[in-house]
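Chemist: For reference, the sequence and a predicted model appear below.
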Amino acid sequence: MFEITPEIAATVLQGATLENFTDSGAAALAVGLAALATGYAQRGIGSAAVGAMAEDDSTFGKGLILTVLPETLVILALVVVFLV
Amino acid sequence: MSIGASNPEYVNARVRARRAALFTDEDYRKLIRMGPSGIARFMEETEYEREINALGARFSGVDLIEYALNRNLAKHFHDLLDWSEGRLYDLIARYLRKFDVWNVKTIIRGVYTDTPGEEIETDLIRAGEIDDSTIDRLLEVDTIEDAIETLNRTMFYEPLSDASEVYEDTGALVPLENALDRAFYENLLADLGRPQEGPEALYVEFLEAEIDFRNARNALRLARSGADLDPASYYIDGGVLFTQAELSRLVTDYDELVGHIADSSRYGDSLSQALSRLREAESLIQFEHALDAALLEYADTLSSSYPVSVSAVLSYILAKEREVENIRAIARGREVGLSETEIEEELVIL
């Protein structure tokens, strides 16, 4: 996953100079990175939750809660959008 | 499949659920007081239900228990290979190939003694990497050369072909069986390298322990039997406890051999109980059980140091195998009328 990070950065920053990199641009980048991290965290938890559920149906509720916990990352990052 | 695309989280969640379903001490205490038919009934109410029901019409008593255990073991380990991907698959398959060795040995012995295929089939444990169609073809062969030819895409082909010349000269199965064992143990560690840290380092450490214990067991058996066999032909490379020269020297002196194991910094502490028992009880079986228990405990420690890795799977494999061995020991023990304490001595419970 991390190998592609420079390419993403290069694409995002195409033709960008420090003058036209605005506050809202920075906020968007912050939310985007937080969403990426959330996805990465949910990948592992989700696959473990599905595994546990396959063995025992009653773990559905717990699995769901644990899977959405990293969601708080991106929700808190959203606060940044209202700050700028 | 790429090396990066493995799914330890998924496999770990499933393995831990199944690990929790294994029999407890309490269950064993109940089983020890039952007869073979009682044990079969008890198993019917646990996760062995499907196997007992499927085989119940054809077999009864201890045979039923044993075939149901084998089939259940195969089902669980087959699942492990089914679930895992990438690097994790490689690490698990590496270890489960011991069932391939067991199956090929059983088939070769069957061919050697002209046993019909159906009778051999009940003794197989289909938990290894060789697929069912290959095993079915193996069950149909008439000569050992054909059997070796059928295996031509597996890692056992070359060592078996090399050994078959010796087999043809002597007519004994030992070279073939030895070749299979060696192929398994040598492939266990080959191309893994020696990672210094992380879960894979512990995995390697575990496999080294397995090889060391295997060497120790073979050496003790040779030392006990006093037979004039060349220990070098039984030596397995890759462990850290013995070198080949050391083993050849130690085989002649039983006390020194036990001393050597006790002095090793790696196992001396964890085996100290087993070693003192060995010195007193003078029973090889007790020592072998102690080795098994030590390996089991070792695997458990690994699985808690790196929770989401292959270690948890390894410790599950060992624990499941132990459970099957324990139930079999109880059933067999009851059948021949051993007392409860005698059976208890045969069990390995942590």
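Modeler: Yep, that arrived. Numbering: from 1, shown residues only, chains lettered A, B, ... in the order given.

Chemist: quick one: buried residues of stretch B:80-99?
Modeler: B:80, B:83-85, B:87-92, B:94-99 (16 or more other Cβ atoms under 10 Å in any protein chain shown). Heads up, the C-betas are built off the backbone N, CA and C, glycines and all.

Chemist: quick one: the helices in the stretch 151-300 of chain B?
Modeler: B:157-170, B:174-189, B:199-225, B:244-250, B:254-263, B:272-281, B:284-305 (DSSP state H, counting those that start in this stretch).

Chemist: Residues contacting stretch A:57-77, please?
Modeler: For stretch A:57-77, the external contacting residues (Cβ atoms under 8 Å, 6 or more residues apart in numbering or on different chains) are A:30-31, A:33-35, A:37-38, A:41-42, A:45-46, A:48-50, A:52-53.

Chemist: ugh, typo on my part, it should be stretch B:54-68
Modeler: B:36-37, B:39-40, B:43, B:48, B:51-52, B:71, B:122, B:327-328, B:331-332, B:335.

Chemist: where's residue 38, which helix or strand?
Modeler: The chain I'm using is chain A. Element membership for A:Thr38 (DSSP states H and E) is helix A:23-55.

Chemist: right idea, wrong chain: chain B
Modeler: helix B:36-44.

Chemist: Where does pLDDT dip in chain A?
Modeler: Chain A contains residues with pLDDT under 70 at A:1-2, A:12-19.

Chemist: Residues of it that sit close to chain B?
Modeler: Counting by Cβ under 8 Å from any Cβ of the partner chain, chain A comes close to chain B at A:44-45, A:47-52, A:54-56.

Chemist: Now a ChimeraX select for only the buried ones of the residues you listed.
Modeler: To isolate the buried members of the residues of chain A next to chain B in ChimeraX, using 16+ other Cβ under 10 Å:
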select /A:44,45,47,48,49,50,51,52
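
Chemist: For the residues of chain A next to chain B, work out which two are farthest apart.
Modeler: Based on Cβ to Cβ, the longest span within the residues of chain A next to chain B runs between A:Gly44 and A:Asp56 and measures 19.2 Å.

Chemist: sorry, back to before: off-centre distance for the helix holding A:Thr38?
Modeler: 4 Å (Cα atoms, centre = their mean, to the nearest Å).

Chemist: by contact count, what packs against it?
Modeler: helix A:60-68, helix A:71-83, helix B:8-20 (3 or more Cβ pairs under 8 Å, 6 or more residues apart in numbering or on different chains; DSSP states H and E).

Chemist: what angle do the last one and helix A:60-68 make?
Modeler: Orientation of helix B:8-20 against helix A:60-68 (axes from the mean of the first three to the mean of the last three Cα atoms, to 10 degrees) gives an angle of 150 degrees.

Chemist: mean confidence for helix B:8-20?
Modeler: For helix B:8-20, the mean per-residue pLDDT is 90.

Chemist: helices or strands up against it?
Modeler: Checking 3+ Cβ pairs under 8 Å, 6+ apart, helix B:8-20 ends up next to helix A:23-55, helix B:61-83, helix B:310-335.

Chemist: quick one: contacts for residue 42?
Modeler: All of this refers to chain A. Applying Cβ under 8 Å, 6+ apart, the residues near A:Gln42 are A:67-68, A:70-71.

Chemist: let's do chain B instead
Modeler: So B:Phe42 contacts B:27, B:30-31, B:34 (Cβ under 8 Å, 6+ apart).
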